[in-house]
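Chemist: Generate a structure from the sequence data that follows.
(one chain, ligands or ions: 2)
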Amino acid sequence: MMDLHNKVAVITGGARGLGRAFSEALLSKGAKISICDINVADGEATLQVWREKYGEGRTMFKQCDVSNKQSFTDVFVETKRKFGTIDIVVNNAGIGKELFEQDWEKTIHVNLIGVIIGTDLAVQYMSKSSGGYGGVVINIASTAGLTPVFYSPVYCASKYGVVGFTRSVAANPNVCDLGMRFLCLCPAYTDTGLFQAGHSGRKEVPNLDKISQLVKSTGINSVESVANAFMELVENENNNGAVMAVSLKKGIEYKHGRPVQKSRI
Ligand SMILES: NC(=O)C1=CN([C@@H]2O[C@H](COP(=O)(O)OP(=O)(O)OC[C@H]3O[C@@H](n4cnc5c(N)ncnc54)[C@H](O)[C@@H]3O)[C@@H](O)[C@H]2O)C=CC1
Ligand SMILES: CC/C=C\C[C@H](O)[C@H](O)/C=C/C=C/C=C\C=C\C(=O)C/C=C\CCC(=O)O
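Modeler: Numbers count the residues shown, from 1 in each chain. Ligands and ions are numbered 1, 2, ... in the order given. Presented below is the predicted three-dimensional model:
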């Protein structure tokens, strides 16, 4: 099990939703948290709550657009400056509000390119081959990265991209030299602002009945259940390349890379 006490985690999109839940799960295990988010108001509000609960020294917030390389790099610079190291990177920030995707380029820039930038920065700052101490990268995809979603093809493409990218980085024969793990979490529908904005049941949405059937096929996760699945991924140290799906109906399913259970002898 990975000892999380005093480990330093960068979480993108940490101001609310799943990113906030992942951050609080790590804080509860003694980790230090650096959240970045494009939403300053939510970021500052979340930081204030955490400072009152966990004290001044274990949390920080920096505004960032993960699709902008300099903006994202500044998060790593500031985190290293404040905490001295980085051990965990969670590429969580994502968008998908428009069911029929008017601004689809932005979805690719945030959901896929942002994850690629974050993973590259993680290797630069954590890998043993670049003078770091190793670490773990958890990329947040979706079950929409494992199965077609007719009403959001570009969102789906972005998430299939995250799964394929993460598995490919993990499969590099030299990954052991980095001392890093690369993991993918694929939640099904989860009760957050993103889900509510995309599935408000607006009457004008075509094929609403088919969308409802898809949601019913998995049920709607609580944020807490996804955070519990996230912690299983982070704490298991023998799971590089793991792809974990989590849904209300089926619970946790490893789609690839079930962790190797260390033999008892
Ligand atoms: N809610 C759901 O049903 C599911 C969500 N996911 C994924 O989980 C991740 C988190 O989603 P939720 O917590 O549901 O959404 P959310 O909308 O509640 O939170 C996303 C956070 O990311 C931030 N963000 C958006 N664009 C950003 C950017 N360019 N740079 C930095 N921060 C940015 C937002 O301000 C927000 O605080 C996303 O990648 C999403 O695709 C995956 C499967 C299911
Ligand atoms: C437009 C996006 C809006 C909000 C984000 C979404 O809530 C979320 O990311 C979308 C999830 C979509 C899931 C769609 C279908 C899921 C189906 C299943 O999980 C069950 C079937 C297959 C799972 C994959 C597999 O077992 O191979």
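
Chemist: What are the boundaries of the strands in the stretch 151-265 of the chain?
Modeler: Taking DSSP state E, counting those that start in this stretch as the test, the strands found in the stretch 151-265 of the chain are 180-187, 243-247, 251-256.

Chemist: So for ligand 2, which of these sits nearest?
Modeler: Ligand 2 lies closest to strand 243-247 among the strands of the stretch 151-265 of the chain, at 5.4 Å (CB to the nearest ligand atom). For the C-beta atoms, the positions are set from N, CA and C on the backbone; glycine is no exception.

Chemist: What is the closest one packed up against?
Modeler: Under the contact definition 3 or more CB pairs under 8 Å, 6 or more residues apart in numbering; DSSP states H and E, strand 243-247 sits against helix 153-170, strand 180-187, helix 223-235, strand 251-256.

Chemist: check whether stretch 235-247 contacts ligand 2.
Modeler: Yes: applying CB under 6 Å from any ligand atom, one finds stretch 235-247 touching ligand 2 at 245, 247.

Chemist: separation between the residue nearest to V66 when sequence neighbours are not counted and N6?
Modeler: Excluding the flanking residues, the one nearest V66 by CB to CB, 6 or more residues apart in numbering is G114, at 3.4 Å. Separation of G114 from N6 (CB to CB, to the nearest Å): 27 Å.

Chemist: Out of those two, name the residue with the larger neighbour count.
Modeler: G114 (27 against 12; other CB atoms under 10 Å).

Chemist: Can you tell me the element the more buried one falls in?
Modeler: Using DSSP states H and E, G114 falls within helix 114-126.

Chemist: Lovely, talk soon.
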